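Asks: I need the structure of the sequence given here:
(2 chains)
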Number of protein chains: 2
Amino acid sequence: MDTLSENAAFGGTQGVYSHQSTATGTPMTFGLYLPPAAERRPVPLLIYLSGLTCTHENAMVKAGAQAHAAAAGMAVLFPDTSPRGEGVADDDAYDLGRGAGFYVDATEAPWASHYRMWSYVTDELPAFIRENFAVDTARMGITGHSMGGHGALTAAMTFPDRFRSVSAFAPIAHPSASDWGRKQLTAYLGPDEGPWAAHDATLLMRERGYPGAVLIDQGTDDQFLDLLKPEALAEAMAARRQPGVIRMQPGYDHSYFFVATFMADHIAHHAAALAP
Amino acid sequence: MDTLSENAAFGGTQGVYSHQSTATGTPMTFGLYLPPAAERRPVPLLIYLSGLTCTHENAMVKAGAQAHAAAAGMAVLFPDTSPRGEGVADDDAYDLGRGAGFYVDATEAPWASHYRMWSYVTDELPAFIRENFAVDTARMGITGHSMGGHGALTAAMTFPDRFRSVSAFAPIAHPSASDWGRKQLTAYLGPDEGPWAAHDATLLMRERGYPGAVLIDQGTDDQFLDLLKPEALAEAMAARRQPGVIRMQPGYDHSYFFVATFMADHIAHHAAALAP
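Replies: Model (predicted):
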């Protein structure tokens, strides 16, 4: 592991590190915020998955999570959104390839050799964090924004024992019925829609739901509402009687100002669920 | 005035606007956060001056000011750090020219024609804000980071009736004795050091001080301590019996993680001073 930077922040440390990933076969960079409490005991971990075009850095510098994580005694992990580097396939579009890993394990060429973000964020990276930092990954929650909200919801519903709390900001809620989804799932998983269902939050909600309360915030002025399809997930949550809420937040758009505004609520949601 | 963007944030609005400046003779871009309270009555204003290489955007997206400003019912103004555009002189160095206006009115060629950030931030821009937004500039404070801390301290000590509260994050505290200062003051104001004294916080503190309490935060692990020279300002403050404090914050560096960590304290400091 290489330490790329460490900055004091809210009494704790915001670090940026790089390590060699077995899942992606590339070096991967991540941000990790350790609160002051981590100096005394292992702390719970919240994974924050970012959206299209983002890196480990966007939420780390713009979402304001550290202030609330420090107060809650929680670590926050900011993974990258795709493998990167020489030899990693890419596409000219902003929404495919680098910066757009969609949190799946690709099975199709040319993506299958490196685009394995599902294994990376649900398995390899948490294990790596547990081994190298004062973090108790038995108390681990997951959240994310947009494509990252999709990743968080699908990961939590697939591995509820691993992710003991879940929330999302403006998630891509029904990718198999959206242009943010059909294109990427076709490219990464192939045209047979069967395997897509494991990566669609609305379909997973209909099929299995989540054993805890789900917190989702969605701005009513989000410029991507037609692609995000919160109504599909809302219907599935209500039909299932899923504990939780989709809050339609008046006037908010898709930006990090929206994420930052509601970050305190999300940290509190996870902190309550992950309390010892 | 052109509206470049407006995003809902913490119940208020984070806007970015552009207008033609008389002072600089160029279009100028600024960010303005209006808290929810601005919908009901004019609110006090805090001007945040940014540091070298920054634009209006850095603090606006990274300092976490909006959350605290919303709670305090205070607007926050994020000016750019220099004029920009075709025909505006520049230098290859990061610390001279664009992004490095140093909050002075240049008198020397080639800078004098546009580099008039002193007049812009202390006079023209506040007047423009008062005329166009629900802001009460009779209740106005000023803060900033690094070069912007220099600008805030010098502006407040020069115009204490205009700036009724002042604070700074890691300010360039004694530019006439620093390589962050001598180079720029020579370029913008000429080699005669006489006019420099009006733009040196330590010299102004020795000469006149400030009628209210001064809040300054400085990280002990700041990589630029030798250039910032907080010890000169601390000595001047103590010698003068200036109300206020320079807090040496253990472990913090020069980054926005440092600024964000102490932003709540600074907003509270200004809110208390600017209360009706």
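Asks: burial of the residue nearest to A:G190 when sequence neighbours are not counted, as a residue count?
Replies: Leaving out its chain neighbours, the residue that sits closest to A:G190 by C-beta to C-beta, 6 or more residues apart in numbering or on different chains is A:E108, at 5.0 Å. Bear in mind the C-beta positions are built from the backbone N, C-alpha and C, glycine included. Applying other C-beta atoms under 10 Å in any protein chain shown, we find 14 residues neighbouring A:E108.
Asks: got it, and A:S5?
Replies: Neighbours of A:S5 (other C-beta under 10 Å): 12.
Asks: now it: how far from B:V61?
Replies: 18 Å (C-beta to C-beta, to the nearest Å).
Asks: quick one: pLDDT of the residue of chain A most remote from its centre?
Replies: The centre of chain A is farthest from one residue, A:R40, which by C-alpha atoms, centre = their mean lies 27.2 Å away. For A:R40, the pLDDT comes out at 96.
Asks: How many neighbouring residues does A:T137 have?
Replies: If you count neighbours by other C-beta under 10 Å, A:T137 ends up with 20.
Asks: repeat for the one 10 residues further on
Replies: Other residues within reach of A:M147 by the criterion other C-beta under 10 Å amount to 28.
Asks: Torsion angles phi and psi at the residue farthest from the centre of chain A?
Replies: Comment: the main-chain dihedrals of A:R40 come out as phi -110, psi -30, following degrees, to the nearest 10.
Asks: Equivalent analysis for A:A9, please.
Replies: Dihedral angles for A:A9 - degrees, to the nearest 10 - are phi -160, psi 120.
Asks: Spell out which parts of the stretch 151-276 of chain A neighbour chain B.
Replies: Taking C-beta under 8 Å from any C-beta of the partner chain as the measure of proximity, the stretch 151-276 of chain A contacts chain B at A:219, A:221, A:249, A:251-253, A:255-258, A:260-261, A:264.
Asks: Need the residues you listed in a markdown table (columns: secondary structure and neighbour count).
Replies: A markdown table is the format used below for these (DSSP: H, G, I helix; E, B strand; the rest coil; neighbours: other C-beta atoms under 10 Å in any protein chain shown):
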| residue | secondary structure | neighbour count |
| --- | --- | --- |
| A:G219 | strand | 28 |
| A:D221 | coil | 14 |
| A:Q249 | strand | 18 |
| A:G251 | coil | 15 |
| A:Y252 | coil | 25 |
| A:D253 | coil | 21 |
| A:S255 | coil | 21 |
| A:Y256 | helix | 23 |
| A:F257 | helix | 26 |
| A:F258 | helix | 26 |
| A:A260 | helix | 23 |
| A:T261 | helix | 27 |
| A:A264 | helix | 17 |
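Asks: which pair in those spans the largest distance?
Replies: Greatest spatial distance among these (C-beta to C-beta): A:D221 and A:A264, at 20.7 Å.
Asks: Can you name the residues that contact the residue nearest to the spatial centre of chain A?
Replies: Nearest to the geometric centre of chain A sits A:L49, at 2.4 Å (C-alpha atoms, centre = their mean). The contact partners of A:L49, by C-beta atoms under 8 Å, 6 or more residues apart in numbering or on different chains, come to A:79, A:81, A:103, A:121, A:142-145, A:147-149, A:151-152, A:155.
Asks: quick one: buried residues of stretch A:187-205?
Replies: Buried residues in stretch A:187-205, defined by neighbour count with 16 or more other C-beta atoms under 10 Å in any protein chain shown: A:A187, A:Y188, A:L189, A:G190, A:W196, A:H199, A:D200, A:A201, A:T202, A:L203, A:L204, A:M205.
Asks: Chain B versus the fourth one, what's the distance?
Replies: So that's A:G190. As defined by C-beta to the nearest C-beta, to the nearest Å, A:G190 lies at a distance of 38 Å from chain B.
Asks: Just the pLDDT for that residue.
Replies: pLDDT, A:G190: 98.
Asks: Got the phi and psi for it?
Replies: Torsion angles, degrees, to the nearest 10, at A:G190: phi 100, psi 170.
Asks: does the residue nearest to A:G190 sit in a helix, a strand or a coil?
Replies: What DSSP: H, G, I helix; E, B strand; the rest coil gives for A:E108 is coil.
Asks: Thought A:Y188 was touching it, still the case?
Replies: Yes - counting by C-beta atoms under 8 Å, A:E108 touches A:Y188, with 6.1 Å between them.
Asks: so A:G149, which of the three states?
Replies: Per three-state DSSP, A:G149 ends up helix.
Asks: ok, back up a step: pick the one among the buried residues of stretch A:187-205 closest to chain B.
Replies: Relative to chain B, the closest of those is A:A201; by C-beta to the nearest C-beta it sits at 24.4 Å.
Asks: Name all residues that make contact with the closest one.
Replies: A:A201 makes contact with A:G149, A:H150, A:L153, A:T154, A:M157, A:A168, A:P171, A:I172, A:A173, A:H174, A:P175, A:L233, according to C-beta under 8 Å, 6+ apart.
Asks: Which helix or which strand is home to A:L46?
Replies: Here A:L46 sits within strand A:43-49, counting by DSSP states H and E.
Asks: Note down every partner strand of that strand and its orientation.
Replies: Applying DSSP bridges, strand A:43-49 is found paired with strand A:75-79 (parallel), strand A:135-144 (parallel).
Asks: Please compute how far the first one lies from its chain's middle.
Replies: Its chain's C-alpha centre and that of strand A:75-79 lie 9 Å apart, by C-alpha atoms, centre = their mean, to the nearest Å.
Asks: Please export the C-alpha coordinates of the strand holding A:L46 as PDB.
Replies: The C-alpha coordinates for strand A:43-49 follow below in PDB (Å, rounded to 0.1, in the frame of the first residue of the first chain):
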ATOM      1  CA  VAL A  43     -14.700   2.000  14.400                       C
ATOM      2  CA  PRO A  44     -17.600   1.100  12.100                       C
ATOM      3  CA  LEU A  45     -17.200   1.800   8.400                       C
ATOM      4  CA  LEU A  46     -19.400   3.500   5.900                       C
ATOM      5  CA  ILE A  47     -18.600   2.900   2.200                       C
ATOM      6  CA  TYR A  48     -19.500   5.800  -0.100                       C
ATOM      7  CA  LEU A  49     -19.800   4.800  -3.800                       C
END
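Asks: Compute the distance between A:S50 and B:G73, please.
Replies: Taken as C-beta to C-beta, the span from A:S50 to B:G73 is 32 Å.
Asks: neighbour-wise, which of those two wins?
Replies: Counted by other C-beta under 10 Å, A:S50 and B:G73 do not tie: A:S50 has more neighbours, with 28 against 18.
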